[in-house]
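Trainee: next input, structure requested:
(one chain, ligands or ions: 1)
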Amino acid sequence: MLRCPNACTTSRTAAGATMPTAIADSDVLLVVDVQNDFCPGGKLAVPHGDEVVAPINRLAGRFQHVVLTQDWHPPGHRSFASSHPGKRPFETVAVDYGQQILWPDHCVQGTVGAQFHDGLQIPHAELVLRKGFRPTIDSYSALYENDRKTPTGLAGYLRERGLTRIFIAGLAFDFCVRYSAEDARREDFAVTVIADACRAIDVGGSLAATRASFARLDIATLAADAIV
Ligand SMILES: [Zn+2]
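Mentor: Numbers count the residues shown, from 1 in each chain. As a prediction, this is how the structure comes out:
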């Protein structure tokens, strides 16, 4: 059920070859949630999630500007199934901002599971943005929490720094990467998802929905080796 979402939809020549994309000073690599709990052995493991580490390390070396996000929940967070008596992980509940999928407890503040994967080597990352720390609201996106209204501050940070084009990689393709890409697009940033440096959870058709959304919103996807 789970596979690498590596279908590239843009930057192809008529012959089908991928056009190389050069990185500019105004570009930023956004590395989403490459944390132990989202990797094999973690509390909310994305299948093959650890496979993004090596390509992201290579990619990061090509970018002057890198931002990391870190899912960072207090114990008893509302997105945890354990906070809803009788509910199990991956069921859905209605909350004031819409439908919320319930997850296993994961990325609890200060735990090993919330730490970045040991193999992630991006010492020049300029910002670690934590999200999901408000007890009653989840935050898939790096830009807005799940009500799609509460900002994380990242859009303002990027604007103040003159960073206008966002490349996104990480976990999971069909949740935090997807929401980050959609919100960045909504905020008028140029957005490219580096699909083979992501892995998906794929629950309830989320992978297909993500691909359809990217096509609808004209969010480009690209292979990591196309970035030079
Ligand atoms: Zn979370």
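Trainee: got phi/psi on whichever residue of the chain sits closest to the ion?
Mentor: Nearest residue of the chain to the ion: Asp71, at 4.1 Å (Cβ to the ion). For the C-beta atoms, the positions are set from N, CA and C on the backbone; glycine is no exception. Note on Asp71: backbone dihedrals following degrees, to the nearest 10 are phi -70, psi 130.
Trainee: if you drop the residues flanking it in sequence, what lies closest to Val95?
Mentor: In space, and not counting its chain neighbours, Val95 is closest to Arg78: 6.8 Å by Cβ to Cβ, 6 or more residues apart in numbering.
Trainee: in a strand, that neighbour, correct?
Mentor: No - per DSSP: H, G, I helix; E, B strand; the rest coil, Arg78 lies outside any strand segment and is coil.
Trainee: just give me the neighbour total for it.
Mentor: 19 (other Cβ atoms under 10 Å).
Trainee: quick one on the thing from earlier: partner residues bridging the residue of the chain closest to the ion?
Mentor: Applying DSSP bridges to Asp71 yields these beta-bridge partners: Lys131.
Trainee: quick one, what contacts the residue nearest to Val95?
Mentor: Contacts for Arg78 (Cβ atoms under 8 Å, 6 or more residues apart in numbering) come out as 95, 100, 135-138.
Trainee: would you list the buried entries among these?
Mentor: Buried members of these, scored by 16 or more other Cβ atoms under 10 Å, are 95, 100, 137-138.
Trainee: now the contacts of Arg78 in JSON lines, with pLDDT?
Mentor: Conversion of these to JSON lines gives the following (pLDDT from 0 to 100):
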{"residue": "Val95", "pLDDT": "92"}
{"residue": "Gln100", "pLDDT": "91"}
{"residue": "Pro135", "pLDDT": "95"}
{"residue": "Thr136", "pLDDT": "93"}
{"residue": "Ile137", "pLDDT": "92"}
{"residue": "Asp138", "pLDDT": "93"}
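Trainee: just the ones of these in strands?
Mentor: 95, 100 (DSSP state E).
Trainee: and the contacts of Arg78, which two are the farthest apart?
Mentor: Greatest spatial distance among these (Cβ to Cβ): Gln100 and Pro135, at 13.0 Å.
Trainee: gap between the residue most central in space within the chain and Val34?
Mentor: Closest to where the C-alpha atoms of the chain average out (Cα atoms, centre = their mean) is Val177, at 2.8 Å. To Val34, Val177 is 11 Å away according to Cβ to Cβ, to the nearest Å.
Trainee: anything in contact with each of the two?
Mentor: 170-171.
Trainee: let me know the pLDDT of the nearest residue to Asp50 once chain neighbours are set aside.
Mentor: Excluding the flanking residues, the one nearest Asp50 by Cβ to Cβ, 6+ apart is Cys39, at 4.4 Å. Looking at Cys39, its pLDDT reads 98.
Trainee: wait, doesn't Cys39 sit right on Val46?
Mentor: Yes - using Cβ atoms under 8 Å, Cys39 is in contact with Val46, at 7.2 Å.
Trainee: tell me which of these two has more neighbours.
Mentor: Val46 (28 against 25).
Trainee: quick one, what contacts the more buried one?
Mentor: Each residue near Val46 by Cβ under 8 Å, 6+ apart is listed here: 38-39, 171-172, 199-201.
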